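J.: Give me coordinates for this.
(one chain, ligands or ions: 2)
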Amino acid sequence: MEVKNICCIGAGYVGGPTMAVIAEKCTNIKITVVDLNEARIAAWNDEDVNNIPIYEPRLNEIVGNRRNKNLFFSTNVDKAIDEADLIFISVNTPTKTYGTGKGMAADLKHIELCARQIAKVAKTDKIIVEKSTLPVRTAEALKSILDNTGNGAKFQILSNPEFLAEGTAVEDLLSPDRVLIGGDSSQEGQKAIEALVNVYANWVPRERILTTNVWSSELSKLVANAFLAQRVSSINAISELCEKTEANVNEVAKAIGMDSRIGPKFLKASVGFGGSCFQKDILNLVYISKAFGLNEVADYWEQVIIMNDHQKRRFSKNIVQTLYNTVSGKKITFLGWAFKKDTNDTRESAAIYVADDLINEQAYIALYDPKVSQKQVLTDLDYLDTRKSDENEKHITSYNNPYEACKNAHAIAILTEWDEFKEYDWEKIYDSMLKPAFVFDGRNILNGEVLKNIGFVYQSIGS
Ligand code: UDX
Ligand code: ADP
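T.: Ligands and ions are numbered 1, 2, ... in the order given. Here you go, the predicted structure:
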């Protein structure tokens, strides 16, 4: 079977970039990305490709190339489902905020809604591909809904988890380490796998396309993220020990990373990991382990999250302690709000939690992030539900200019590792601040020696 028409449900950080790259590499396939959110679809269709809703290096260029040729963005979900041979489900699966599994299990309500809609609309056989990160055995639930509520059309369900990292999404999609496709062992299952393999084979070498059973594929995604997050929590745990001894975490990371068994990546100590995947996926892993009665397994992985929460809290506590045990009424400038550089995504960003702690201590936060809007910042803080929205608004102000944001500040905290922060005129910033002028570098990106020579009190993570 040859795939000619693809529908992707969900025009977010996963669906948008993934479909743009498939469209770029498979010009003979028509791709329609649909979403219920009208404003989001309108932004994807904005005449000026610089206004698309997601910031990723090179994404606007690719969308500009393919849009309205073989790449379409629409709110007409039913029509796109009806026309497609293959449907990617890329809707969000946040951690549940209510009921059983609250704070841990993935909320699958959006996935279920998609399955019911597909079942209702589909008149012909289709391949359904899980793209969102899902807890193991979600495919079973999908299949049950599709088979029991449909109009007789047959569905094959594949798991094809996305391993792209935000900020490098286009690069990761163009040359992935591997593409993972899980499907069932029946003849139809194998045919569906082959159809999806052929889509990727347009640009990914065959030996990098790995096929497995559905459960291995679903679990691999959770495990990959858990292992990556574990490395960050491990090095962050060591950063605290370095601060108490004369060791320097950057030197330790370099020394251990040169051991080829360990490797150099994902060993950057930081104020704590964020993003839509790490915490959610580990919580999923913990939840399913507990459900199987594997308490030690659950505790083992949960510790990765506990360490990360500790790292964020430790950073804000140190700011308060260093500023003579009070930040009440003081202006503290945040450089960066996104959970990492080169993305406008802020989900689970450490900045949110550090800001929340400092606002509890009555600080006033001035903020500059090159890609995040004031509206998003307030939404993130309000989501924590620590205090009333107008209180948050009183305590945090976004600036369009970093120098304005730093003026008259008691301290600066670096929360995201945006490259441009390294290029600033730090003398000029120093001159405009209250003295002593403090810099808390939560990403270890600035040159501490240079800053100290200017006159700053400079503190980084893990030294
Ligand atoms: C992650 C996985 O990398 C990706 O494969 C998966 O598909 C989705 O989840 P992402 O969340 O986009 O991707 O970003 P990632 O680069 O993994 O960073 C996650 C967090 O860890 C960020 O907050 C980042 O700043 C932090 N981090 C990463 C560190 O603090 N130190 C490091 O050495 C690496
Ligand atoms: P991710 O990082 O997983 O891509 P996002 O939140 O960026 O997550 O994107 C998910 C998108 O899926 C959102 O734009 C949301 O509006 C959309 N969505 C959720 N449920 C449905 C649904 N039933 N039908 C269509 N779109 C949906």
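
J.: From now on I want contacts and neighbour counts done on CA atoms only, so please keep to that.
T.: Will do.

J.: tell me what the longest helix anywhere in the chain is packed against?
T.: With secondary structure taken from DSSP state H, the chain has its longest helix at helix 214-244. Using 3 or more CA pairs under 8 Å, 6 or more residues apart in numbering; DSSP states H and E, the elements in contact with helix 214-244 are strand 155-159, strand 179-182, helix 249-257, helix 278-291, helix 295-322.

J.: Flag every residue of the stretch 201-350 of the chain that's near ligand 1.
T.: 225, 232, 266-270, 272-278, 339-340 (CA under 6 Å from any ligand atom).

J.: how about a cut-off of 5 Å?
T.: F266, L267, K268, S270, F273, G274, G275, C277, F339, K340 (CA under 5 Å from any ligand atom).

J.: could I get those as a markdown table with neighbour count?
T.: Formatted as a markdown table, these follow (neighbours: other CA atoms under 10 Å):
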| residue | neighbour count |
| --- | --- |
| F266 | 15 |
| L267 | 22 |
| K268 | 21 |
| S270 | 27 |
| F273 | 22 |
| G274 | 21 |
| G275 | 18 |
| C277 | 20 |
| F339 | 25 |
| K340 | 22 |
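
J.: Highest mean neighbour count out of the helices and strands packed on helix 214-244?
T.: Each of the helices and strands packed on helix 214-244 was scored by mean neighbour count; the highest is strand 155-159, a mean of 25, by mean count of other CA atoms under 10 Å.

J.: May I have that one as CSV, with CA atoms only?
T.: Extracted in CSV, the C-alpha atoms of strand 155-159 (Å, rounded to 0.1, in the frame of the first residue of the first chain):
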residue,chain,number,x,y,z
PHE,A,155,-7.9,0.3,11.3
GLN,A,156,-4.3,-0.7,11.8
ILE,A,157,-2.6,1.0,14.7
LEU,A,158,1.0,1.9,14.7
SER,A,159,3.2,3.5,17.3
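
J.: helix or strand right after that strand?
T.: helix 169-174 (DSSP states H and E).

J.: buried set for that following helix?
T.: For helix 169-174, the buried set under the neighbour-count rule, 16 or more other CA atoms under 10 Å, comprises A169, V170, E171, D172, L173, L174.

J.: can you give me the end-to-end distance of stretch 417-431?
T.: End-to-end distance for stretch 417-431: 23 Å, by CA to CA, to the nearest Å.

J.: Alongside ligand 1, which residues does the stretch 351-463 of the chain contribute?
T.: Counting by CA under 5 Å from any ligand atom, the stretch 351-463 of the chain has no residue next to ligand 1.

J.: Run through the strands of the stretch 351-463 of the chain in chain order.
T.: 364-368, 396-398, 411-414, 438-441, 457-460 (DSSP state E, counting those that start in this stretch).

J.: for the protein, what helix or strand is lowest in average pLDDT?
T.: None of the helices or strands of the chain scores lower by mean pLDDT, DSSP states H and E than helix 138-149, at a mean of 86.

J.: Check which helices and strands that one is in contact with.
T.: helix 109-121, strand 155-159.

J.: residue ranges for the helices of the stretch 351-463 of the chain, please.
T.: 374-384, 389-395, 402-406, 426-432, 448-454 (DSSP state H, counting those that start in this stretch).

J.: Alpha carbons only: can I get the shortest one in PDB?
T.: This file holds the C-alpha atoms of helix 402-406, laid out as PDB (Å, rounded to 0.1, in the frame of the first residue of the first chain):
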ATOM      1  CA  PRO A 402      17.300  43.300  27.900                       C
ATOM      2  CA  TYR A 403      19.200  46.500  29.000                       C
ATOM      3  CA  GLU A 404      15.900  48.100  30.100                       C
ATOM      4  CA  ALA A 405      15.000  44.900  32.000                       C
ATOM      5  CA  CYS A 406      18.300  45.000  33.900                       C
END
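
J.: Who are the packing partners of that helix?
T.: By 3+ CA pairs under 8 Å, 6+ apart, helix 402-406 packs against strand 331-335, strand 364-368, helix 426-432.

J.: now the last one
T.: Applying 3+ CA pairs under 8 Å, 6+ apart, one finds that helix 448-454 contacts helix 426-432, strand 457-460.

J.: what mean pLDDT does stretch 390-406 have?
T.: Stretch 390-406 shows a mean pLDDT of 98.

J.: Quick one: residues in contact with that stretch.
T.: 333, 335, 359, 362-370, 373-374, 378, 381-382, 412, 429, 432-433 (CA atoms under 8 Å, 6 or more residues apart in numbering).

J.: Now do it: distance from first to last residue.
T.: Stretch 390-406: ends 23 Å apart by CA to CA.

J.: quick one, what contacts the residue located most distally from the centre of the chain?
T.: The C-alpha centroid of the chain is most remote from G152, which lies 37.4 Å away (CA atoms, centre = their mean). Residues counted as contacts of G152 (CA under 8 Å, 6+ apart) are K123.

J.: now A43
T.: N51, I52, P53.

J.: swap the cut-off to 6 Å and go again
T.: Contact analysis of A43 by CA atoms under 6 Å, 6 or more residues apart in numbering lists I52, P53.

J.: secondary structure element for it?
T.: Here A43 is assigned to helix 38-44, by DSSP H and E.

J.: Quick check: closest non-adjacent residue to S132.
T.: S90 (4.8 Å; CA to CA, 6 or more residues apart in numbering).

J.: sorry, back to before: and the helices of the stretch 351-463 of the chain, which is most packed in?
T.: Taking mean count of other CA under 10 Å, helix 402-406 is the most buried of those, at a mean of 21.

J.: before we move on, which element is C8 in?
T.: strand 5-9.

J.: what packs against that strand?
T.: Here strand 5-9 touches strand 30-34, strand 86-89, going by 3 or more CA pairs under 6 Å, 6 or more residues apart in numbering; DSSP states H and E.

J.: Identify the residues contacting the helix or strand just after it?
T.: Once the chain leaves strand 5-9, the next helix or strand it forms, by DSSP H and E, is helix 15-25. Defining contact as CA under 6 Å, 6+ apart, one finds that helix 15-25 is touched by V63, S90.

J.: mean confidence for helix 15-25?
T.: 98.

J.: so how far is that helix off the chain centroid?
T.: 18 Å (CA atoms, centre = their mean, to the nearest Å).

J.: Wondering if it reaches ligand 1 at all.
T.: No. Contact of helix 15-25 with ligand 1 (CA under 5 Å from any ligand atom) is absent, the minimum separation being 11.4 Å.

J.: Would you mind writing the CA trace of that helix as CSV?
T.: Below are the C-alpha coordinates for helix 15-25, written out as CSV (Å, rounded to 0.1, in the frame of the first residue of the first chain):
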residue,chain,number,x,y,z
GLY,A,15,2.6,17.7,14.7
GLY,A,16,3.6,21.0,13.1
PRO,A,17,7.4,20.5,12.5
THR,A,18,7.0,16.7,11.8
MET,A,19,4.5,17.3,9.0
ALA,A,20,6.4,20.2,7.6
VAL,A,21,9.5,18.0,7.2
ILE,A,22,7.5,15.1,5.7
ALA,A,23,5.9,17.5,3.3
GLU,A,24,9.4,18.8,2.3
LYS,A,25,10.8,15.3,1.7
